[in-house]
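K.L.:
Predicted model follows, preceded by the sequence.
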Amino acid sequence: MKKFKAAIQLYTVRETLARDFAGTLRALRDMGYEAVEWAYYYGGLEPGALSGLMREIGLETCGIYEDLPVITDPSGRAAAYARALGTKDLTSDCCSFVRTDWTAGVGKFIEAAKHVRSQGLRLLYHNHAEEFEKFGGKTALQILADSAGPELGLFEFDAGFAAQSGCDPAAVIWQLGGRVAKIHLRDLDRESRKDFVEIGSGLLDIPGICAAAHEAGAAWAVVEQCRSRTSELDSARKSVDYLKRAGLVS
């Protein structure tokens, strides 16, 4: 099987990062992570300074996760970070609209995707469990994909949230075809089938999900653990150790 580079979404270590920004990044590098995906917090550094720190530490950036209002802000701040850090990918969601007005949510995402595209970047949609609710026989996620089309409807597919909703993550990746630009990897507790646990310690077929993502053309598989029963760094270490033992990352 092909291997992804080991990457982590920094929301996984958000509290540790806030206490020791550079030290946390170095710890992730030392565990074997080669890249990070930023999420809301940049250590108080401007784009150029952050880029310099990343070069010094030796970590790549595989994307940036931000709220839609930040991404579409006329200041272009999110795009400035993306360019400085060497990524073309911004990611966001509008899952709060699923149970209120999904048509409006889809419209907001499409307009944001057009805005990002005009800046020479691309916007990916990150699903949560809500997007697997159905409207007229279609999931909210499929409605978004159909409405946005293949150029604007690109995804950072979250396998854990898909499984939490009762879906087969690999099957959904196949349905989305070549529009899955990257995936978020997390695992589900075997007993509750709802709680997130470190990758490789739960019930998901992680090798099968990675294989489907490779076939779909995903460039990155990114560890994300939004809650953990252990420390943030210990959680990050357990997940990357499993991925390495399983031969899924380099």
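P.N.:
Now that the structure is in, tell me what you want to look at. Residues are numbered from 1 along each chain as shown.

K.L.:
in the lengthiest helix in the chain, what's buried?
P.N.:
Identified as the longest helix of the chain according to DSSP state H is helix 102-118. Neighbour-count burial for helix 102-118 flags 102, 105-106, 108-110, 112-113, 115-116 (criterion: 16 or more other CB atoms under 10 Å). Bear in mind the C-beta positions are built from the backbone N, C-alpha and C, glycine included.

K.L.:
Now distance to Leu45 and pLDDT too, for those residues, in a markdown table please.
P.N.:
Below are the buried residues of helix 102-118 laid out as a markdown table (distance: CB to CB, whole Å; pLDDT from 0 to 100):
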| residue | distance to Leu45 | pLDDT |
| --- | --- | --- |
| Trp102 | 37 | 98 |
| Gly105 | 32 | 98 |
| Val106 | 34 | 98 |
| Lys108 | 29 | 97 |
| Phe109 | 29 | 98 |
| Ile110 | 32 | 98 |
| Ala112 | 25 | 98 |
| Ala113 | 27 | 98 |
| His115 | 25 | 97 |
| Val116 | 22 | 98 |
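
K.L.:
can you put those residues in TSV and add distance to Arg237?
P.N.:
Output for the buried residues of helix 102-118, formatted as TSV (distance: CB to CB, whole Å):
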residue	distance to Arg237
Trp102	38
Gly105	36
Val106	38
Lys108	37
Phe109	34
Ile110	39
Ala112	35
Ala113	35
His115	38
Val116	33
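
K.L.:
which one of those is nearest Gly86?
P.N.:
Taking CB to CB as the measure, Gly86 lies nearest Val116 of these, at 16.3 Å.

K.L.:
how much space between the closest residue to that closest one other than its chain neighbours and Ala82?
P.N.:
Among residues not flanking Val116 along the chain, Leu123 sits closest, at 4.1 Å (CB to CB, 6 or more residues apart in numbering). Distance of Leu123 to Ala82, given as CB to CB, to the nearest Å: 11 Å.

K.L.:
what's the answer for Gly160, then?
P.N.:
Separation of Gly160 from Ala82 (CB to CB): 25 Å.

K.L.:
Any idea how many residues pack against Glu151?
P.N.:
By other CB atoms under 10 Å, the residues close to Glu151 number 11.

K.L.:
Quick check: pLDDT value at it.
P.N.:
According to the prediction, Glu151 has pLDDT 94.

K.L.:
show me what contacts the residue lying closest to it once chain neighbours are set aside?
P.N.:
Nearest non-adjacent residue to Glu151, counting by CB to CB, 6+ apart: Arg117, 7.9 Å away. By CB atoms under 8 Å, 6 or more residues apart in numbering, the residues touching Arg117 are 123, 151-152.

K.L.:
before we move on, what about Ala112?
P.N.:
68, 71-72, 92, 123.

K.L.:
From the chain's centroid, how far away is stretch 236-244?
P.N.:
Its chain's average C-alpha position is 17 Å from that of stretch 236-244, according to CA atoms, centre = their mean, to the nearest Å.

K.L.:
do stretch 158-172 as well
P.N.:
In this view, stretch 158-172 has its centroid 14 Å away from the chain centroid, taken as CA atoms, centre = their mean.

K.L.:
sorry, back to before: between Leu123 and Ala82, which contacts overlap?
P.N.:
With CB under 8 Å, 6+ apart as the test, Leu123 and Ala82 both reach Leu90.
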